[in-house]
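Peer 1: Give me coordinates for this.
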Amino acid sequence: MVLEGLGESLKTTLRKIANAPHIDKDLIKSVVKDIQRALLQADVNVKLVLNLTKEVEKRALTERPPAGMSSREHVIRIIYEELVNILGDTKEVPLKKQIILMVGLYGQGKTTTSGKLSRYFQKKGMKPALLAGDTHRPAAYDQLKQIAESINAPFYGEPKEKKAVKVVKNGLKELSDYDVIIVDTSGRHSLEDDLIDEIKSIAKVTKPTEVLLVLDGAIGQQAGPQAKAFHEAVKITGVVLTKLDGTAKGGGALSAVS
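Peer 2: Modelled structure (predicted):
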């Protein structure tokens, strides 16, 4: 599983703290090095790793444990808080009437994830609909249509129209009665200017409640720049990781979240 190695390494580090006879400066520095090694081996961005471990070391050496908390528990809590602070925490998509914009590059799993999200809302008793805003990838329309039919979800798309913004505008009108409209958008092989311009235009039309960046769990160091570019363009509200059943290190995805 993605990040399994990182999880085991961090558990080993925490056990090192829990089993230590006492907490001192040498132990803190040793633990910080262990955390650095674990994160770097998982392919987390170097700058991010250094910032995180620097803050862990600073807090562990200067903060006094709260009343009723041992030094070991306090250091473990600091590590947890700093990991959450920099790498982020999980969140659920809210159950309310909304428009969700799915963004990302080719092959990350946007279309499949759109279908899974739709099914999620159905199970929660809501009425979602799928909108095919990808007018570039061959068979993107057919793929989303098949997914929609397989879960019995309303669907809108225009297979012969090449202007994504026009398709999305028409789709929003057709699907306005549904609780959640999930807009699948075009990807590219890289962050080309026309992709960013198109995403900006679609976001302006949809005024989405959520903008979800879909990333393959196997993505490497390029994840950070990708996430930054999309966020600057359309203000990402969440990151969805796909293909988590693989053996990839997963650190790039964590860097993207940060």
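
Peer 1: Test my guess that I219 contacts V257.
Peer 2: No - applying Cβ atoms under 8 Å, one finds I219 not in contact with V257, separated by 11.4 Å. Glycine gets a C-beta too; all of them are placed from N, C-alpha and C.

Peer 1: quick one: which of these two has more around it?
Peer 2: Neighbours were counted for I219 and for V257 using other Cβ atoms under 10 Å; I219 has more, 26 against 20.

Peer 1: In a helix, that one, correct?
Peer 2: No - with DSSP: H, G, I helix; E, B strand; the rest coil as the criterion, I219 is coil rather than part of a helix.

Peer 1: how much space is there between it and T242?
Peer 2: Distance, I219 to T242, by Cβ to Cβ, to the nearest Å: 10 Å.

Peer 1: same question, T135
Peer 2: 22 Å.

Peer 1: Below-threshold pLDDT in the stretch 1-150 of the chain: ranges please.
Peer 2: The model of the stretch 1-150 of the chain has pLDDT under 70 over residues 1-4, 87-89.

Peer 1: follow-up on the earlier one: quickly list what's touching both of I219 and T242.
Peer 2: Q108 (Cβ atoms under 8 Å, 6 or more residues apart in numbering).

Peer 1: Can you pull out the low-pLDDT segments for the stretch 151-258 of the chain?
Peer 2: Those would be 189-190, 220-221, 246-252, if you go by pLDDT under 70 across the stretch 151-258 of the chain.

Peer 1: which residues in it form helices?
Peer 2: 164-174, 193-206, 223-234, 251-257 (DSSP state H, counting those that start in this stretch).
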